[in-house]
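Chemist: Got a sequence here, can you build the structure:
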Amino acid sequence: MKKLFDFVPTHLLFFFVLGILCQYHFKGLFSINFLFVSVVLLGGVFFFLRRFVLGFGVAFFFLGLLSIAIRTSPKKEAVPIESRLSAPLVLKVIDRLKSTADQDRFRAKIIFQGGQDANSMLLLTIAMDSLCSSVHHGDLLACHGEIKEIRGPLNPYAFNFKSYMESKQISHQLFLKKGHWILLDENKYNLKRMAHQFRSNLLRILSKNIADKEVLSITEAMLLGERSHISKMQQQAFADAGVVHILAVSGLHVGVLLLFLNFLLKPLELLPKGRLWKTAVLFSALWSYAFLAGLSPSIVRAVTMFSFLSVGLVFRHKNPVERTLVSSALLLLLFNPFYLFDLGFQMSYTAVFSIVFIQPIFARLWKPKYRILNYFWQLTTVSLAAQLGLLPISLYYFHQFPGLFLLANLGVIPLLGLVLAFGFLLLFLGAIHFLPPWICELYSFLIVSLNSFVSWVAAQEAFVFDEISFSRGKLLFSLLLLTAFFAFLKSKTFLKLAVFLLCISLLQGVFIFEKIKTSSRSELIVFQQHKESSLLLVNRGKGVLHTTNSKRISKLAQNYLRETGVELLQTKDSIPQLFRFGSLSFLLIDRLGIYQIQDFQQQCVWLQNSPNINLERMIGLLHPKQIVADGSNFPYKIKKWQATCLQKEVSFHATPISGAFVWRPPTLLASPMPRY
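Modeler: Okay, here's the model as predicted:
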């Protein structure tokens, strides 16, 4: 560990990451010109003082700030993107994103808009039709459509697609139907285009030779990164077993390929300049596989990392893995600093770092005499180390912990080596159009065995712990705690023990703070649901859910309860027409249109199921402070009510437009539950 901190790129990576995080979370903190001058001036001052490492570190900190600022600053363009714009556009397809069964999605650049040059990124969604197959990387499209800003989540703690796309430098989207676009030019010499076409040909060959659809979908996911055909049930089974990572082409697959090739090419080292030849062959093989997998960002990152590692393996450098990780991470982030916010990047590097630093500690606990026992013990320690390192990240993103992950990995990893070896052979023979049926049958048997074992592990539901609340604060201090703990185990000093105990205290503080925050939470939430209505009343961390359809609200309620830690006391299949929450009374007006309630003045009115009422007359009679219309109402009525409220100067909240309605009482409620 100490040698790694003596490695200069480690310091540069730390300062660069710190700069990226500061600029990303405090957007607009510094101007681009200021950052550029700071990189030059501060770096120059420290160079003059002969503090070279510190000078480089400070320069890389401001370089991290600058790298995010350049990519997120508003670009000077003749015609800016607006939320309501309908004009002729010329787009260049940059990259293919994950698509669905009826839509293809791309990252595209606007190069011509409204008769003038432009330079802005957007999310392009094209409806599937007979022409859709002709859209590839580098193509130019002419279209006429409405560019819209990507909306944030309409319900509390729902998946924030807007934030997710912002991490990919995209803030707007365009949906094109059949006949709304034409292909202007094909860039047939685009490398990604050629890789994707080659990958598509391989997928067609595999589909012709593998009859079992389940085997085919797992094969496409594991070998070529095509996950659109794999069922949700299959994905959930692999997730519950704790081995979902094998369904994505990532560092695991590239690492297995590198170890396999490194073993096969060992005789090359006996030749003159054999190590150079071996390195060249390893490089070629790794990047050829990346080409076969379509040059997706995840596979490019993994191949870059293991390309560095191959040099260390061949030339037997000291600490090749640690230095490889640091050097490759720094190179990738210099190329694209937004990789830092990519889940695949975070999990790949965390897993490998955990294996490098934690696995040797476990391995020293027992040294079996027999080779077979030693093999399984090494496999166990690797799985434990990787899972421990990834545990905080998995809890934060996926909110579940597979209790049988160790058993699953012990069964899957040895079998995975055979599956990938035969899989790579399958791809090679498919590429040269020589694929014997017996190889396909043997490979299918391996996949069926793998899938059966995973399904059996996933079926042990008592060992799958899900819906775990895990905040960003818990994530940060859990990672610090794990780092401090294993650093102390590696070399037991008083300072490391003190840091470890401090991390425990800080993590306990986070748990206590969040518990106090939950116990003081009181709020009313009208969720946004299409053609349904749902109400959640929370008082001092205890909640009661009212809904017209308990099955459809379950996911929305689960998100809220998991993220806030609120305890749900009961669920009711009806919503009261008149109830009081804190200092405010709520009147529900449904399709019957009954609202003539005595002593109901200047309160809140909730419109549900498109009631046939004269809103002006109702406002004149009840004088409500607030009117809420949820997703059960017709859109045209919501627009009409919105105009009326604007004219009458009454606050109006439409959940299909503004998202869920949330109201918090100014003080804590005295009674355990609200009055009805």
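Chemist: So which residues of the stretch 551-676 of the chain form strands?
Modeler: Per DSSP state E, counting those that start in this stretch, the stretch 551-676 of the chain carries strands over the ranges 567-572, 578-581, 584-589, 604-607, 626-629, 651-654, 661-663.
Chemist: Of all those, which one is nearest Ser449?
Modeler: With Cβ to Cβ as the criterion, Ser449 lies closest to strand 567-572 of the strands of the stretch 551-676 of the chain, at 41.1 Å. For glycine as for every other residue, the C-beta is placed from the backbone atoms N, C-alpha and C.
Chemist: Where does the prediction get shaky in this protein?
Modeler: In the predicted model, the chain carries pLDDT under 70 at residues 1-6, 27-55, 73-87, 100-101, 114-119, 129-134, 312-320, 552, 598, 667-676.
Chemist: mind giving me the domain split of it?
Modeler: 2-72, 85-188, 196-466, 472-519, 523-663 (automatic domain parsing).
Chemist: want to throw those domains into a markdown table with mean neighbour count?
Modeler: Formatted as a markdown table, these follow (neighbours: other Cβ atoms under 10 Å):
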| stretch | mean neighbour count |
| --- | --- |
| domain 2-72 | 17 |
| domain 85-188 | 16 |
| domain 196-466 | 18 |
| domain 472-519 | 15 |
| domain 523-663 | 17 |
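Chemist: quick check, Phe175 in a helix?
Modeler: No - according to DSSP: H, G, I helix; E, B strand; the rest coil, the state of Phe175 is strand, so it is not within a helix.
Chemist: isn't it right up against Cys143?
Modeler: No - at 10.3 Å, Phe175 does not count as touching Cys143 under the criterion of Cβ atoms under 8 Å.
Chemist: Against Leu410, how distant is Gln359?
Modeler: Distance of Gln359 to Leu410, computed by Cβ to Cβ, to the nearest Å: 15 Å.
Chemist: One more: Leu140?
Modeler: Using Cβ to Cβ, Leu140 is found at 51 Å from Leu410.
Chemist: cool, Gln346 as well?
Modeler: For Gln346, the distance to Leu410 - Cβ to Cβ - is 25 Å.
Chemist: tell me which residues form a beta bridge with the closest residue to Phe112 other than its chain neighbours?
Modeler: Nearest residue to Phe112, sequence neighbours excluded (Cβ to Cβ, 6 or more residues apart in numbering): Val90, at 3.6 Å. Taking DSSP bridges as the rule, Val90 bridges to Phe112, Ala142.
Chemist: and the gap between Val90 and Gln113?
Modeler: 7 Å.
Chemist: cool, Ser67 as well?
Modeler: Distance, Ser67 to Gln113, by Cβ to Cβ: 26 Å.
Chemist: Might one say that Gln169 is in contact with Met121?
Modeler: Yes - in terms of Cβ under 8 Å, Gln169 counts as a neighbour of Met121; the distance is 5.6 Å.
Chemist: export the strands of the stretch 551-676 of the chain to TSV and tack on distance to Leu216?
Modeler: Converted to TSV, these look like this (distance: least, Cβ to Cβ, whole Å):
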stretch	distance to Leu216
strand 567-572	41
strand 578-581	54
strand 584-589	51
strand 604-607	50
strand 626-629	47
strand 651-654	45
strand 661-663	46
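Chemist: Indicate which one of those strands is closest to Pro9.
Modeler: The closest of the strands of the stretch 551-676 of the chain to Pro9 is strand 661-663. By Cβ to Cβ, the value is 46.5 Å.
Chemist: Listing partners with orientation, what would you give for that closest one?
Modeler: Short version: by DSSP bridges, strand 661-663 pairs with strand 523-526 (antiparallel).
Chemist: how far off strand 584-589 does the helix or strand just after the strand it pairs with point, in degrees?
Modeler: Of the helices and strands lying after strand 523-526 in sequence (DSSP states H and E), the nearest is strand 534-539. Here the directions of strand 534-539 and strand 584-589 differ by 160 degrees (axes from the mean of the first three to the mean of the last three Cα atoms, to 10 degrees).
Chemist: Figure out how far strand 534-539 is from the centre of its chain.
Modeler: What separates the centre of strand 534-539 from the centre of its chain is 29 Å, taken as Cα atoms, centre = their mean, to the nearest Å.
Chemist: Brilliant, that's me finished.
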